[in-house]
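Chemist: based on what follows, work out the 3D shape:
(one chain, ligands or ions: 1)
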Amino acid sequence: MKALIICGSRKDGFTSEMCRSFSEGLAVHDVPSEIFFPIEMNIRHCTGCGSCSSGGICSISDDMVLLYKALEGYDLLVLASPIHFSGPSSAIKTVIDRFQTIWFCGRKRSAFAAALLSGGGASPNYNNTISIFKAFSITAKMEWLGHLAISGTDEKEIQDVSGPSFEYGKDVALKLIKGRG
Ligand SMILES: Cc1cc2nc3c(=O)[nH]c(=O)nc-3n(C[C@H](O)[C@H](O)[C@H](O)COP(=O)(O)O)c2cc1C
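Modeler: This next block holds a predicted model:
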């Protein structure tokens, strides 16, 4: 069993720390994971050209090919994002839109999905982001396992998010092991 974590934020922020600690939590139960940072990759926007409607192949040639390949090999997809204007970061949304290929060609392997979210305010609006992530997981025929949201990061230190994310990683690993029977 393997997990693919896509972090829609910078490498030295709250969300990336959530991803790293979550990954360590998964490892406690021997679930290996790999973290991708789309911000550091060459990933262009979906133009809606429709070329993926025949054959499921995107007409854009860029680093998204790494994520197309990765997604097929994993049992768990974790979408991670800071809340930006009550929604997901543009980095993670760009990746989701480029998975429009799945809408047309499906995905060969069943899998699970979960999310890691951070917001600066005391009560950020997570609903829009969760709704988008769930819509994607339904399209990709992934079973939604849930999410961890950490609020109030404006008043927190980065290491404050480590503990809860580590514990959530352990929880999700157990759900994954149970789900895969
Ligand atoms: C463009 C932008 C928009 C933001 N919008 C919100 C928001 O709507 N609600 C909120 O609670 N925090 C908002 N924030 C704060 C981030 O969600 C918060 O600082 C987050 O934990 C940063 O994660 P990072 O360190 O991974 O970038 C915003 C930050 C940025 C840069």
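
Chemist: can you list the residues of this structure near the ligand?
Modeler: Counting by CB under 6 Å from any ligand atom, the chain comes close to the ligand at 9-10, 13-16, 82-86, 118-121, 124, 153-154. From N, CA and C alone the C-beta is placed, and that goes for glycine too.

Chemist: can you tell me which of those residues are in helices?
Modeler: Here DSSP state H is the test, and the residues of the chain next to the ligand give 14-16 as lying in helices.

Chemist: neighbour-wise, which of those residues leads?
Modeler: T15 (28 neighbours; other CB atoms under 10 Å).

Chemist: with adjacent residues omitted, what lies nearest to that one?
Modeler: Distances taken as CB to CB, 6 or more residues apart in numbering put S9 closest to T15, at 3.9 Å, once the chain neighbours are dropped.

Chemist: contact partners for the one you found?
Modeler: S9 makes contact with 15-16, 37, 39, 80-82, 89, 91, according to CB atoms under 8 Å, 6 or more residues apart in numbering.

Chemist: run the last query once more with 6 Å
Modeler: Listed by CB atoms under 6 Å, 6 or more residues apart in numbering, the contact set of S9 reads 15-16, 82.

Chemist: which pLDDT value belongs to it?
Modeler: The model reports S9 with a pLDDT of 98.

Chemist: same check on L117?
Modeler: pLDDT, read off for L117, is 98.

Chemist: okay, now it: neighbour count?
Modeler: 24.

Chemist: and for the residue of the chain found nearest the ligand, the neighbour number?
Modeler: Among the residues of the chain, G13 lies closest to the ligand, at 2.5 Å counting by CB to the nearest ligand atom. When neighbours are counted by other CB under 10 Å, G13 registers 16.

Chemist: can you list phi and psi of it for me?
Modeler: phi -110, psi -170 (degrees, to the nearest 10).

Chemist: quick one: residues contacting the spatially most central residue of the chain.
Modeler: For the chain, the residue nearest the mean C-alpha position is L79 (1.2 Å; CA atoms, centre = their mean). Neighbouring residues of L79 by CB under 6 Å, 6+ apart: 6, 92, 115, 133.

Chemist: secondary structure element for it?
Modeler: strand 76-82 (DSSP states H and E).

Chemist: note down every partner strand of that strand and its orientation.
Modeler: strand 3-7 (parallel), strand 111-118 (parallel) (DSSP bridges).

Chemist: and the end-to-end length of stretch 155-163?
Modeler: One end of stretch 155-163 to the other measures 17 Å (CA to CA, to the nearest Å).

Chemist: ok, longest helix in the protein?
Modeler: Under DSSP H, the chain gives helix 162-180 as its longest helix.

Chemist: so which elements touch it?
Modeler: helix 14-28, strand 142-150 (3 or more CB pairs under 6 Å, 6 or more residues apart in numbering; DSSP states H and E).
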